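Trainee: fold the following for me, if possible:
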Amino acid sequence: MPDKRLALDKIESAMHVRGLNAAAIASSLEVSKTIVSEWFRGNKFPRPALLLRLGKLLGLSYAELVQENRAAEPIVAYRKHGNAKFRVEDEERAKGMGRAAALLVPYLPFGRLNAPARLISPRNDPSYIEEAANETRRAMASSGRPLGFEDIIGLFNELKAVLVPVLWGDKDSLDNALHVYLPDSQTTFVYLNLDTKLFDFKFWMLHELGHAKTAGLLDSVEAEKFADSFASAILVPGSMAEAEYQALVTITDIGARITRALALSRELIVSPITIAKRVDEAARAQGGKELFGKAIYGAAANFNKEYGLVSQGLFAADTLEASQLIRASQEIFKSPFYPALRGYISEHGESEGIITASLGVGPADAKAILGALA
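Mentor: Numbers count the residues shown, from 1 in each chain. From the prediction side, this is the model:
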């Protein structure tokens, strides 16, 4: 069942007002009468460029021209910098990317008939989250060694989740990551902004993993809370947080506490803020006072200046070629996104349109990516 179809009643009315028939529409759009007939029977749907021209020809907006099956609409979750709000235009842009990404699903290396395993009855309960985090951590890494980036990457394929590394900027953009879940195919696309602080990156990856493991099972507010807590609990297990609390509670100087937190941060490659929050949670659970509070934020800001962004670590050159991003996507993040994009373009003859729509990039970037794919 297609997730959208043409609104034939409004189209017929507009055709009558303008004195148009199917043959005239086919001539104007430079397509065959057979194709137009297939559109009007609901057997096929116009490509984006033709849909736009059809709307202009009939004087109809997208909302008037298309009837969408809302049950099949992409479910999206943006993770913004700081406390920036998720705006209506953000949601529409994200859903548009999801609709475009849905066109790539047949070209992905995932089975069509098996649903990915997800968490059972997820809820924002500390004991539930701790247990779910421990199970996930055991599936990623052997005990006794810090969790690596490659450990996290390995779990996404099991969830039919496609990692899409992007370069959305660290100042002009407010986007750390984007989660898009497609209900029809139960496929997830996770867009990870590489212009993110290095020591925050594991958190954002695991935050999106939390969304992938609970897709469609929690409302948006509860899903964000769960994803944050889930990521923190994997990076700093409860046993580690409690041990750190016991070691730090005897240290009265806040500077000395922060120094220890920064040392652990370097060892784990995890933000000092995540560590401090987990220790403070352990303190509250044992009826004690917080050991860090807001004091950690200034120290973390200075700490992050030492290490820069993920993109700076991955790409040494000042000017990044599209081919480098594609190569990193496939070799480091094991992503099937660009092979799927290449397969779609090869079969459908699309150019920059599908790239712009599915990646949320401008025409210049889309053209560069198309050239690299070719």
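Trainee: isn't residue 39 up against residue 51?
Mentor: No. Taking contacts as Cβ atoms under 8 Å, residue 39 lies outside contact range of residue 51: 9.3 Å. C-beta here means a position set from N, CA and C on the backbone, and glycine is covered the same way.
Trainee: who has more neighbours, the two?
Mentor: residue 39 (24 against 18; other Cβ atoms under 10 Å).
Trainee: how about the helix or strand where residue 11 lies: buried residues?
Mentor: Using DSSP states H and E, residue 11 sits in helix 8-18. Buried residues in helix 8-18, defined by neighbour count with 16 or more other Cβ atoms under 10 Å: 10-11, 14-15.
Trainee: ok, back up a step: shared neighbours, residue 39 and residue 51?
Mentor: Contact criterion Cβ atoms under 8 Å, 6 or more residues apart in numbering; residues shared by residue 39 and residue 51: residue 45.
Trainee: sorry, back to before: now do the buried residues in the helix or strand following the helix holding residue 11.
Mentor: Of the helices and strands lying after helix 8-18 in sequence (DSSP H and E), the nearest is helix 22-29. For helix 22-29, the neighbour count (16+ other Cβ under 10 Å) marks 25-26, 29 as buried.
Trainee: again, but for stretch 217-235
Mentor: Using 16+ other Cβ under 10 Å as the test for burial, stretch 217-235 gives 218, 223-224, 226-235.
Trainee: rounded mean pLDDT for that stretch, please.
Mentor: Per-residue pLDDT over stretch 217-235 has a mean of 93.
Trainee: contacts for it, please.
Mentor: For stretch 217-235, using Cβ under 8 Å, 6+ apart, the contacting residues are 77, 79, 118-119, 121-124, 126, 129-130, 132-134, 136-137, 140, 147, 202-204, 206-211, 213-214, 268, 270, 274, 277-278.
Trainee: next: stretch 60-77.
Mentor: With Cβ under 8 Å, 6+ apart as the contact definition, stretch 60-77 has outside contacts at 1-7, 10-11, 14, 51, 54-55, 58, 91, 94-95, 97-99, 101-102, 178-184, 211, 215-216, 220, 223-224, 227.
Trainee: buried ones among these?
Mentor: When those are checked for burial by 16+ other Cβ under 10 Å, the buried set is 3-4, 6-7, 10-11, 14, 51, 54-55, 58, 94-95, 97-99, 101-102, 178-182, 211, 215, 223-224, 227.
Trainee: okay, and which of the residues you listed map to helices?
Mentor: 10-11, 14, 51, 54-55, 58, 94-95, 97-99, 101-102, 211, 223-224, 227 (DSSP state H).
Trainee: can you name every helix or strand that whichever strand or helix holds residue 357 contacts?
Mentor: In the assignment (DSSP H and E), residue 357 maps to helix 352-359. Packing partners of helix 352-359 (3 or more Cβ pairs under 8 Å, 6 or more residues apart in numbering; DSSP states H and E): helix 48-58, helix 88-102, helix 337-348, helix 363-373.
Trainee: low pLDDT regions in the chain?
Mentor: Filtered on pLDDT under 70, the chain yields the residue ranges 1-3, 68-71, 79-88, 141-144, 170-175, 317-318, 350.
Trainee: how close does the nearest residue to residue 280 once chain neighbours are set aside sit to residue 248?
Mentor: Closest residue to residue 280 apart from its sequence neighbours, by Cβ to Cβ, 6 or more residues apart in numbering: residue 290 at 4.2 Å. Separation of residue 290 from residue 248 (Cβ to Cβ, to the nearest Å) stands at 11 Å.
Trainee: more neighbours: which of these two?
Mentor: residue 248 (20 against 15).
Trainee: so what's that one up against?
Mentor: Residues near residue 248 by Cβ under 8 Å, 6+ apart: 257, 260, 279, 291.
Trainee: and the residues you listed, which is closest to residue 158?
Mentor: residue 279 (31.1 Å; Cβ to Cβ).
Trainee: just to revisit the earlier point, just put the helices and strands packed on helix 352-359 in CSV and tack on distance to residue 323.
Mentor: Below are these laid out as CSV (distance: least, Cβ to Cβ, whole Å):
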stretch, distance to residue 323
helix 48-58, 26
helix 88-102, 21
helix 337-348, 10
helix 363-373, 4
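Trainee: so which of those gets nearest residue 191?
Mentor: For residue 191, the closest of the helices and strands packed on helix 352-359 is helix 88-102, at 7.7 Å, according to Cβ to Cβ.
Trainee: helix or strand right after the closest one?
Mentor: From helix 88-102, the next helix or strand downstream (DSSP H and E) is helix 126-140.
Trainee: surely residue 237 is in contact with residue 132?
Mentor: No. Counting by Cβ under 8 Å, residue 237 stays clear of residue 132, with 12.0 Å between them.
Trainee: who's more crowded, the two?
Mentor: residue 132 (23 against 17).
Trainee: I'd like to know how far that one sits from residue 233.
Mentor: Residue 132 is 8 Å from residue 233, where distance means Cβ to Cβ.
Trainee: tell me, how many residues neighbour residue 303?
Mentor: Residue 303, neighbours per other Cβ under 10 Å, totals 20.
Trainee: please export the C-alpha coordinates of stretch 244-258 as CSV.
Mentor: The C-alpha atoms that make up stretch 244-258 are tabulated as CSV, following Å, rounded to 0.1, in the frame of the first residue of the first chain:
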residue,chain,number,x,y,z
GLU,A,244,33.3,6.8,41.6
TYR,A,245,30.8,8.2,44.2
GLN,A,246,32.4,6.3,47.0
ALA,A,247,35.9,7.4,45.9
LEU,A,248,34.9,11.1,45.4
VAL,A,249,32.7,11.6,48.5
THR,A,250,35.8,11.7,50.7
ILE,A,251,37.3,14.5,48.5
THR,A,252,36.0,17.8,49.7
ASP,A,253,37.7,20.1,47.1
ILE,A,254,35.5,20.5,44.0
GLY,A,255,38.6,21.1,41.9
ALA,A,256,40.1,17.8,42.9
ARG,A,257,36.8,16.0,42.1
ILE,A,258,36.7,17.6,38.6
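Trainee: much appreciated, bye for now.
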